[in-house]
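[1] I would like the atomic coordinates for the input below:
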Amino acid sequence: MKGYKIFRNNSPYTDGRIWKTKTKAKNHIKHIIKNNSLAQRRQTMFINLKVKVVTLNQREEKEMKQAKDFIYS
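    The predicted model follows:
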């Protein structure tokens with residue numbers, strides 16, 4: 001099973017969530033952009049966010065099957 005994490009371009013930043021689908025992760029990025037000004041996003045480093053595929057370990061797979069949208073890693 002695979003999950004999707006949000007990363008900042010060329011940085012180890014991640015928000016700690018593993019999303020079930022790529023579209024839900026992308027929608028989260030859109031909501032971050034919509035709800036925060038550019039200055040606020042620069043301050044919190046929410047710029048150049050990308051979605052990447054990650055492989056899950058056994059514990060995360062069990063949690064993902066029970067979760068609705070995402071789990072915290």
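
[2] Could you report the separation of Ser73 from Lys50?
    Per C-beta to C-beta, to the nearest Å, Ser73 is found 17 Å from Lys50. Every C-beta, even on glycine, is put in place using the N, C-alpha and C of the backbone.

[3] Could you do His28 as well?
    12 Å.

[4] shared neighbours of those two, anything?
    Ile6 (C-beta atoms under 8 Å, 6 or more residues apart in numbering).

[5] which of these two has more neighbours?
    Between His28 and Lys50, counted using other C-beta atoms under 10 Å, His28 has the larger neighbour count: 19 against 13.

[6] Identify the residues contacting that one.
    So His28 contacts Ile6, Arg17, Trp19 (C-beta under 8 Å, 6+ apart).

[7] Sticking with it, tell me its helix or strand.
    helix 22-35 (DSSP states H and E).

[8] what about that helix, distance to the chain center?
    Chain-centre distance of helix 22-35: 9 Å, with C-alpha atoms, centre = their mean, to the nearest Å.

[9] If you count neighbours, what's buried in that helix?
    Ala25, Lys26, His28, Ile32 (16 or more other C-beta atoms under 10 Å).

[10] out of these, who's nearest Asn57?
    Ala25 (18.9 Å; C-beta to C-beta).

[11] Look up how far His31 lies from that closest one.
    Taken as C-beta to C-beta, the span from Ala25 to His31 is 11 Å.

[12] cool, Val54 as well?
    21 Å.

[13] Not counting sequence-adjacent ones, nearest residue to Lys24?
    Sequence neighbours aside, Asp69 is the residue nearest to Lys24 in space, at 5.5 Å (criterion: C-beta to C-beta, 6 or more residues apart in numbering).

[14] So what's the residue count around that neighbour?
    12.

[15] what's around Ile71, how many residues?
    21.

[16] Spit out the contact partners of it.
    Ile71 neighbours (C-beta under 8 Å, 6+ apart): Gly3, Arg17, Ile18, Glu60, Glu63, Met64.
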